[in-house]
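Chemist: Next one to model:
(one chain, ligands or ions: 1)
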Amino acid sequence: MKVLVTGGAGFIGSHIVDLLLAEGYEVVVLDDLSTGRRENVNPAARFYNLSILSEKGREVFLAERPAAVIHQAAQVSAPASVEDPLEDARLNVLGTLRAMDLCLEVGARRFIYASSAAVYGDPEYLPIDEDHPRRPLSPYGLSKYTADAYAALYRDLFGLATLGLCYANVYGPRQSAAGEGGVVAVFADHLARGAAPVIHGDGEQTRDFIYVGDVARANLLALRSDLVGFLNVSTGRATSVRELWRVMSSIANSDIIPRTAPPRPGDIRHSVLSHARAARELGWEPTVGLEEGLRRTVEYSAAAREAAAVRGAGLQGE
Ligand SMILES: NC(=O)c1ccc[n+]([C@@H]2O[C@H](COP(=O)([O-])OP(=O)(O)OC[C@H]3O[C@@H](n4cnc5c(N)ncnc54)[C@H](O)[C@@H]3O)[C@@H](O)[C@H]2O)c1
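Modeler: Numbering: from 1, shown residues only. All right, here's what the predicted structure looks like:
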């Protein structure tokens, strides 16, 4: 079966591509490398460096005719969406609409896409389940929420079998620490460089950290199922930022003391999502514990840093 993965050069998309290939799928990747990296793309996949919104991107769908599409391509930064809501909506709303239209055009029946905990906004209760009110607090949350609504409508109007996977805070190897990267990637990068990261507020704010390999597996199970709708993909466990640093610095054998800064305005204090529905309906449960996932991430960042240093030394010697 041929699957097209948009955003397959990105952090999460590239892990999905690796897993699909390992499971025997034929995989096509469409990614414009705006935040993704060519090195992330498994050489066994067919790669097109194109935007989902371009005419050439459409031609790829027409030529490849995938049976299913896993849509990860997006603008993923909430602060960037506040800076430029129009561009965020172009990529996240129109990009998703475009991907679904192309599915209809080429007869791909299955559309699985990435949604985000940002659609829920300030929690009214914890853990957040799929019936929780959705009142996003950023243009990013709103664009993801709008894409969810379109996906539901395309299901009813056109019979496209859409399933949204609503990710909690995903972490793991290949996540970018640049800009507003996830806190785990930022911490891992600081540990690799021997630098002190900044913790905003008292560090007791909590998040639900889910390992990227488990997220990839949720996509695989979704692809094998006929399930439609919307599912949280999370651990259901809250971890504070301070606890995260404690575990990660102990894995790295580091005694660096983080710097502190005032809380970020608008930061949600606690967020944890229930994955009971995914367990019940998809048979999916997270399998990689926090300590193990963090170990893999810290080791990856240290190795990446070392490889970059060796490359730099090689260039200097030339
Ligand atoms: N990382 C998280 O914690 C998290 C949490 C919730 C939801 N998500 C969602 O998961 C998905 C993947 O996020 P990620 O963390 O891997 O980010 P990422 O930036 O690593 O991946 C996004 C990929 O999409 C590509 N892309 C962007 N615009 C494109 C376009 N117009 N055409 C083709 N490709 C394009 C980028 O180059 C990149 O490779 C996104 O939809 C994001 O909103 C991520």
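Chemist: and the helix or strand that contains I112, which strands flank it?
Modeler: For I112, the host element (DSSP states H and E) is strand 110-116. Paired neighbours of strand 110-116 in the sheet (DSSP bridges): strand 68-71 (parallel), strand 161-167 (parallel).
Chemist: give me the number of residues near S274?
Modeler: 19 (other Cβ atoms under 10 Å). For glycine as for every other residue, the C-beta is placed from the backbone atoms N, C-alpha and C.
Chemist: Phi and psi next, for L20.
Modeler: With angles defined as degrees, to the nearest 10, L20 sits at phi -60, psi -40.
Chemist: which residues of the protein score low on pLDDT?
Modeler: Confidence mapping of the chain against pLDDT under 70 gives the ranges 179-181, 315-318.
Chemist: What helices and strands are in contact with whichever helix or strand comes after the strand holding I112?
Modeler: From strand 110-116 onward toward the C-terminus, using DSSP H and E, the following helix or strand is helix 139-158. Applying 3 or more Cβ pairs under 8 Å, 6 or more residues apart in numbering; DSSP states H and E, we find helix 139-158 packed against helix 78-83, helix 85-89, helix 95-106, strand 110-116, strand 161-167, strand 229-233.
Chemist: Buried residues in helix 139-158, which are they?
Modeler: Buried residues in helix 139-158, defined by neighbour count with 16 or more other Cβ atoms under 10 Å: 139-148, 150-151, 154-155.
Chemist: Considering only these, which also neighbour the ligand?
Modeler: Among these, no residue sits close to the ligand (Cβ under 6 Å from any ligand atom).
Chemist: Pick out the most distant pair among the residues you listed.
Modeler: P139 and R155 (24.6 Å; Cβ to Cβ).
Chemist: Distance of P66 relative to R295?
Modeler: For P66, the distance to R295 equals 35 Å [Cβ to Cβ, to the nearest Å].
Chemist: Comparing the two, which residue is more hemmed in?
Modeler: The residue with more neighbours, out of P66 and R295, is P66; 24 against 16, by other Cβ under 10 Å.
Chemist: before we move on, what SS does the more buried one have?
Modeler: coil (DSSP: H, G, I helix; E, B strand; the rest coil).
Chemist: Please name the residues that touch it.
Modeler: By Cβ atoms under 8 Å, 6 or more residues apart in numbering, the residues touching P66 are 2-4, 28, 106, 108.
Chemist: If the closest residue to A222 other than its chain neighbours is in a bridge, with which residues?
Modeler: Nearest residue to A222, sequence neighbours excluded (Cβ to Cβ, 6 or more residues apart in numbering): I112, at 4.9 Å. Beta-bridge pairing for I112 (DSSP bridges): I70, L163.
Chemist: Was I right to think I112 contacts A68?
Modeler: Yes. Using Cβ atoms under 8 Å, I112 makes contact with A68 at a distance of 7.2 Å.
Chemist: what touches both of these two?
Modeler: L223.
Chemist: So between those two, which is more surrounded?
Modeler: The residue with more neighbours, out of I112 and A68, is I112; 26 against 20, by other Cβ under 10 Å.
Chemist: May I have the secondary structure class of V17?
Modeler: helix.
Chemist: between the strands paired with strand 110-116, which gets nearest to the ligand?
Modeler: For the ligand, the closest of the strands paired with strand 110-116 is strand 161-167, at 3.6 Å, according to Cβ to the nearest ligand atom.
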